[in-house]
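**Q** Here you go, sequence then predicted model.
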Amino acid sequence: MIKMHIYMHIGQLSRNCSFSMKNGGGRTSRIRRRKLLTSSESRGVNESYKPEFIELKKWLKDRKFEDTNLIPARFPGTGRGLMSKTSLREGQMIISLPESCLLTTDTVLRSYLGAYIAKWQPPPSPVLALCAFLVSEKHAGDRSPWKPYLEILPKAYTCPVCLEPEVVNLLPKPLKAKAREQRTHVQEFVSSSRDFFSSLQPLFSEAVESIFSYSALLWAWCTVNTRAVYRKRAPRQCFSAEPDTCALAPFLDLLNHSPDAQVKAAFNEETRCYEIRTAVSCGKHKEVLICYGPHDNHRLLLEYGFVSIRNPHACVYVSKDILVKYLPSTDKWMNQKISILEDHDFIENLTFGWDGPSWRLLTALKLLCLEAEELTCWKKVLIGEIISDTNEKTSLDIAQKICHYFIKESKAVLQKISHMKDEEVALINQLTLVETLWTEELKILQASAETLTSLQTAFT
């Protein structure tokens, strides 16, 4: 992903997959281009002749899969993805990947790790089993039957847990907090699994500590977290109670993301294949894309390691401390107002979007701007009723001040990133990723400021 590659995850979040052929959509390192590119610009360069894809094709064929619709290709501005060989019609099956190609916990239990997992107490999680298998097979090198798939997996990822601390510090405050939670989660995941890895020592001539290192397990965790498709399995005693829903899907996981894509994707219990069908037609030699879900850019970066350009779901989050930043400090009812918002779930998910401040943000500000004599009307505010022109105007003015505060902050961070890119050459790809996020947020805020200015004119 950073080269810029944006590696994908098709599953995990019940992934409402959608499909599109977009003139250059992709993952973060390949920052996605807009849909209005000409067909000549969007035409991909066939990469199916490359040794790693030739080997993958043979490997898939041995497992009863041979795709006739899609081929690996590299696209301008987006990087590696899958290209349509022919025109695709609406409703057409584009991928039907047999269960034999999927890497699941069943795969792990059938392997040399199965006996060790079965007897380990407390039972390991399904994700731990998958990570242990990935690290073991990668360590096996040429001896691994999964080598053709492992060879095309990313060597590194750009989820926040993989970013350098000085780069994480540049993230927007809400995302920075989640990034640190993610790092803590992975560190605990690794440290709590050490005894299990030690139990695997009879399988290896080398010390397990060197094989199951933090960096190896981080790579495996990111592989599962960013690339797995949703494939639910019934609970089994050999695993912990954590849901067993992840399956790695070779070839299929080359598909890139577009928020506009439309497909139907699921595991077919009758055919025993993971199937993807188009919901729209697609022209020949176009990049075929899926949608990982209606996620904002914070979620995409956190879970998949990329930012989507002009993402319709992108937004800028307003925290409680910023919410009250421009309200009168002398308001003796402020704590009560905040309590009302908290009690009615109006203190989280307050945002600016492409079309302006969200209804939730404006509603929270309207309640916070109520005069003492209007406070008894707070219930009316929460259901969208107008209390007074003064209240409407004041809340819009505060929203505009908050918006301009964020615009100033975004510009300052972008300037800092620009300086760091000159000085920290080794971090340039990570810095570019974060720069893209802030650039998108600045565009959203500028659009919101224009919307607010238009709304404010009604009260001038």
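**A** It's in. Residues are numbered from 1 along each chain as shown.
**Q** Can you give me every residue that contacts His313?
**A** By CB atoms under 8 Å, 6 or more residues apart in numbering, the contact set of His313 is Pro259, Pro294, His295, Asp296, Asn297. (Glycine included, C-beta is placed from N, CA and C.)
**Q** check which helix or strand covers it.
**A** Following DSSP states H and E, there is no helix or strand that holds His313.
**Q** if we can go back for a sec, are any of the contacts of His313 buried, and if so which?
**A** Burial by neighbour count, judged by 16 or more other CB atoms under 10 Å, picks out Pro259, His295, Asp296, Asn297 from these.
**Q** Sitting in helices, which of those residues do you find?
**A** Asn297 (DSSP state H).
**Q** Looking at pLDDT only, which of the buried ones among the contacts of His313 scores worst?
**A** Lowest in pLDDT among these is Pro259, which has 91.
**Q** ok, the nearest residue in space to Leu88 that is not next to it in sequence to Thr104 distance?
**A** Of all residues not flanking Leu88 in the chain, Cys282 sits nearest, at 4.0 Å (CB to CB, 6 or more residues apart in numbering). Separation of Cys282 from Thr104 (CB to CB, to the nearest Å): 29 Å.
**Q** do Pro243 as well
**A** Taken as CB to CB, the span from Pro243 to Thr104 is 13 Å.
**Q** neighbour count winner among the two?
**A** Set Pro243 next to Thr104 and count neighbours by other CB atoms under 10 Å: Thr104 wins out with 23 against 14.
**Q** correct me, but that one touches Arg231?
**A** Yes - counting by CB atoms under 8 Å, Arg231 is a contact partner of Thr104 at 6.2 Å.
**Q** Could you name every residue contacting both of these two?
**A** With CB under 8 Å, 6+ apart, Thr104 and Arg231 have common neighbours Cys246, Ala247.
**Q** can you map out the helices along the stretch 51-200 of the chain?
**A** 51-62, 105-110, 114-119, 126-140, 147-150, 165-168, 173-191, 194-198 (DSSP state H, counting those that start in this stretch).
**Q** helices and strands around the last one, which ones?
**A** Where contact means 3 or more CB pairs under 8 Å, 6 or more residues apart in numbering; DSSP states H and E, helix 194-198 is packed against helix 126-140, helix 208-211.
**Q** In the stretch 101-250 of the chain, where is pLDDT below threshold?
**A** Regions of the stretch 101-250 of the chain meeting the criterion pLDDT under 70 are absent.
**Q** would CSV of the contacts of His313 with distance to Glu440 be doable?
**A** Formatted as CSV, the contacts of His313 follow (distance: CB to CB, whole Å):
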residue, distance to Glu440
Pro259, 12
Pro294, 16
His295, 13
Asp296, 10
Asn297, 6
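**Q** okay, among the residues you listed, which ones form the most distant pair?
**A** Distance extremes for the contacts of His313: the farthest pair is Pro294 and Asn297 at 11.9 Å, using CB to CB.
**Q** rewinding a little: can you list the helices and strands packed on helix 194-198 in JSON lines and add distance to Ser319 and mean neighbour count?
**A** Compiled in JSON lines, those are given as follows (distance: least, CB to CB, whole Å; neighbours: other CB atoms under 10 Å):
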{"stretch": "helix 126-140", "distance to Ser319": "31", "mean neighbour count": "23"}
{"stretch": "helix 208-211", "distance to Ser319": "41", "mean neighbour count": "15"}
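**Q** The ones you listed: which one's closest to Thr436?
**A** Nearest to Thr436 among the helices and strands packed on helix 194-198 is helix 126-140 (28.7 Å), distances taken as CB to CB.
**Q** Give me the pLDDT for the residue nearest to Leu88.
**A** On pLDDT, Cys282 comes in at 88.
**Q** quick revisit: nearest to Ala265, out of the helices and strands packed on helix 194-198?
**A** For Ala265, the closest of the helices and strands packed on helix 194-198 is helix 126-140, at 20.0 Å, according to CB to CB.
**Q** Just the C-alpha atoms of that closest one, please, in CSV.
**A** Once non-C-alpha atoms are left out, helix 126-140 reads as follows in CSV (Å, rounded to 0.1, in the frame of the first residue of the first chain):
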residue,chain,number,x,y,z
PRO,A,126,-10.0,-18.2,15.3
VAL,A,127,-7.9,-15.1,14.3
LEU,A,128,-4.9,-16.4,16.3
ALA,A,129,-5.2,-19.8,14.5
LEU,A,130,-5.2,-18.0,11.1
CYS,A,131,-2.3,-15.8,12.0
ALA,A,132,-0.3,-18.7,13.3
PHE,A,133,-0.9,-20.6,10.0
LEU,A,134,0.1,-17.6,7.9
VAL,A,135,3.4,-17.1,9.8
SER,A,136,4.2,-20.8,9.7
GLU,A,137,3.5,-21.1,6.0
LYS,A,138,5.5,-18.0,5.2
HIS,A,139,8.4,-19.4,7.2
ALA,A,140,8.2,-22.6,5.2
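**Q** quick one: that helix to chain centroid distance?
**A** Counting by CA atoms, centre = their mean, to the nearest Å, helix 126-140 is centred 22 Å from the centre of its parent chain.
**Q** Please apply the same query to stretch 443-458.
**A** Remark: stretch 443-458 is offset 28 Å from the chain centroid, using CA atoms, centre = their mean.
**Q** What is the neighbour count of the nearest residue to Asn268 once chain neighbours are set aside?
**A** Nearest residue to Asn268, sequence neighbours excluded (CB to CB, 6+ apart): Glu275, at 5.1 Å. By other CB under 10 Å, 17 other residues sit near Glu275.
**Q** strand partners of the one helix or strand Glu275 maps to, parallel vs antiparallel please.
**A** Assigned by DSSP H and E, Glu275 belongs to strand 273-278. Partners of strand 273-278 in the sheet, by DSSP bridges, are strand 93-98 (antiparallel), strand 263-268 (antiparallel).
**Q** how about CSV for these, with distance to Ser358 and mean neighbour count added?
**A** Output for the strands paired with strand 273-278, formatted as CSV (distance: least, CB to CB, whole Å; neighbours: other CB under 10 Å):
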stretch, distance to Ser358, mean neighbour count
strand 93-98, 36, 19
strand 263-268, 28, 18
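**Q** out of the ones you listed, nearest to Trp59?
**A** Comparison of those against Trp59 by CB to CB identifies strand 93-98 as nearest, at 12.4 Å.
**Q** Please state the mean pLDDT value computed over that closest one.
**A** pLDDT averaged over strand 93-98 gives 95.
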